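Engineer: Sequence first, predicted coordinates after that:
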Amino acid sequence: MIRHLARIALIAFFAIPAISAAQAPWRQIYKDSDVTVLFDTASVVAQPNGVYTTITSWDYARPRVLENKKQYNRLVERVYVRCSPVRVKRVRSTVYGANNTLVRDEGEVDTRDQAHMVWDKPKSGTAAHKAFDSICGIVTKKAPAKATTTKKTTSR
């Protein structure tokens, strides 16, 4: 019996720190009295042109109302983000109500239309501005460093 408990204690000693050290894919990047913004770090896709495909979840403290009068508490959106300077294109939005019930799924904006969409600048001081600044800080740290070559010049 003691040997069995010692084995369990030893497994717990090594397993629990390893589990807690792993980063959860959804990371809180902004919170105020009105909204909590989560960022899915596992789904980030870096495109060759410096644009990142991201997924965020905006959980509101008080229900919001759509134009059709339906209420929602959560907005999940796929957004293309450019980081220098911060600009966004929202390409998919889904809203959920109480108990995570689907209220409306806008679907993905057609790729032909995405090319003509304007890059929006999040308004300074807003939750969106702070959240996307935070996202840029995270994804640019994660991005692999690009090899740079410098050409040596010699003076004669």
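Structural biologist: Yep, that arrived.
Engineer: When you work out contacts or count neighbours from here on, use the C-alpha atoms and nothing else.
Structural biologist: Noted.
Engineer: Could you grab the helix/strand/coil label for the most centrally placed residue in the chain?
Structural biologist: The centroid of the chain falls nearest to residue 39 when counting by C-alpha atoms, centre = their mean (2.8 Å). What DSSP: H, G, I helix; E, B strand; the rest coil gives for residue 39 is strand.
Engineer: With adjacent residues omitted, what lies nearest to it?
Structural biologist: Nearest non-adjacent residue to residue 39, counting by C-alpha to C-alpha, 6 or more residues apart in numbering: residue 56, 4.6 Å away.
Engineer: Show me what the one you found is bridged to.
Structural biologist: residue 39, residue 77 (DSSP bridges).
Engineer: ditto for residue 87
Structural biologist: Beta-bridge pairing of residue 87 under DSSP bridges involves residue 82.
Engineer: ok, it - how many residues close by?
Structural biologist: 19 (other C-alpha atoms under 10 Å).
Engineer: shouldn't it be in contact with residue 122?
Structural biologist: Yes. Using C-alpha atoms under 8 Å, residue 87 is in contact with residue 122, at 6.9 Å.
Engineer: Okay, buried residues for the helix or strand hosting residue 60 please.
Structural biologist: Taking DSSP states H and E as the criterion, residue 60 maps to strand 51-65. Buried positions in strand 51-65, judged by neighbour count with 16 or more other C-alpha atoms under 10 Å: 51, 52, 53, 54, 55, 56, 57, 58, 59, 60.
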